[in-house]
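Visitor: need a 3D model of the following:
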Amino acid sequence: MLLTSLYVPGDRPDRFAKAVASGADAVILDLEDAVAVPRKPYARAAVAEFLSGSHPVPVLVRVNDLDGPQADADRATLAGLADGARPAGLKVPKVESRRGLGALAAQVRVPLHPLIESALGVEAAHAVATHPAVASIGLGEADLRSDLGADGDEALAWVRGRIVVAARAAGLPAPAMSVYPNVTDLDGLAASCAAGRRLGFLGRAAIHPRQLPVIVAAFRPSAQDVALAETLLAALAEARQHDSGTAVLPDGRFADRAMVAAARRTLDLAARYA
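Guide: You can find the predicted model right below:
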């Protein structure tokens with residue numbers, strides 16, 4: 001369970017090592033929106049060279065649109081890497097169906113992390129999430145806002161919930177939130193993360209290292225969360241000794257075995273980010 005990932009433009013190799021050392025749980029080298037078309041061949045070469053080394057955190061690559069003119073060059077570059085130099089996964093933008101995912105996974109041989117960025121993609125979210133090569137799904141909210149003609153978070157509330165449900169229904173991890181584009185508005189970032197956490201998101205991508213501690217603070221379990229999880233697990237363990245699948249917590253709340261997974265996730269996260 002990772003809470004933070006940091007995007008880095010693929011044509012800025014001077015920033016790659018700094019990103020890996022930033023404290024982010026993972027780094028995403030971006031070949032798509034962050035790189036102008038004339039710079040894409042240089043970016044591919046820079047990313048391939050960096051991947052040939054060893055790194056203390058997972059390094060993923062965001063490729064270009066599978067239906068776009070850069071897709072073949074992206075695939076050829078990544079498929080040509082040695083097994084030990086392959087990225088930890090691919091962020092795949094503008095996914096609207098399962099089409100093309102199997103071929104990409106077979107060629108590059110790494111897990112796929114599709115980004116849903118259109119109304120059609122939202123409608124296909126569960127089908128995409130259940131593809132065997134898919135390890136997670138998420139939203140690309142900038143393009144999605146444009147496609148929907150939406151202005152404001154209210155318009156995206158249902159879509160965000162839809163992605164959370166699709167991921168859960170497919171047995172995937174809770175999705176991470178899309179990037180928060182204002183790198184100076186840390187209060188706004190914190191409030192946005194809190195809202196996303198209430199919807200069922202876990203963690204967030206960042207576009208600047210200063211956003212990382214805010215994201216961790218928003219999603220890391222509080223002392224109260226940890227205490228409640230421990231109490232719940234203890235109460236259910238005692239209930240099992242009496243052949244009961246339910247328990248009443250000290251504060252009067254009812255608990256059952258369906259809540260165990262969430263409690264264990266809370267404790268695992270707390271231990272990781274202690």
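Visitor: for Ser54, give me phi and psi.
Guide: Backbone torsions of Ser54, given as degrees, to the nearest 10, read phi -100, psi 150.
Visitor: so how many other residues sit close to it?
Guide: Per other Cβ atoms under 10 Å, the neighbour tally for Ser54 reads 8. C-beta here means a position set from N, CA and C on the backbone, and glycine is covered the same way.
Visitor: separation between it and Arg15?
Guide: 18 Å (Cβ to Cβ, to the nearest Å).
Visitor: so where's the stretch 151-274 of the chain uncertain?
Guide: For the stretch 151-274 of the chain, applying pLDDT under 70 flags the ranges 241-245.
Visitor: in it, which spans are strands?
Guide: In the stretch 151-274 of the chain, the segments counted as strands under DSSP state E, counting those that start in this stretch are 204-206, 246-248, 254-256.
Visitor: so can I have JSON lines of these showing mean neighbour count and distance to Leu269?
Guide: Listed next are the strands of the stretch 151-274 of the chain as JSON lines, based on neighbours: other Cβ atoms under 10 Å; distance: least, Cβ to Cβ, whole Å:
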{"stretch": "strand 204-206", "mean neighbour count": "25", "distance to Leu269": "14"}
{"stretch": "strand 246-248", "mean neighbour count": "15", "distance to Leu269": "23"}
{"stretch": "strand 254-256", "mean neighbour count": "14", "distance to Leu269": "19"}
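Visitor: quick check: which of those is nearest to Arg99?
Guide: strand 204-206 (24.8 Å; Cβ to Cβ).
Visitor: what does that closest one rub up against?
Guide: The contact list for strand 204-206 (Cβ atoms under 8 Å, 6 or more residues apart in numbering) reads 3-7, 24, 28, 138, 176-180, 193, 196, 211-212, 215, 218-219.
Visitor: find the centremost residue of this protein, please.
Guide: Ala176 (3.6 Å; Cα atoms, centre = their mean).
Visitor: and that residue, how far is that from Ala218?
Guide: Relative to Ala218, and taking Cβ to Cβ, Ala176 is found at 12 Å.
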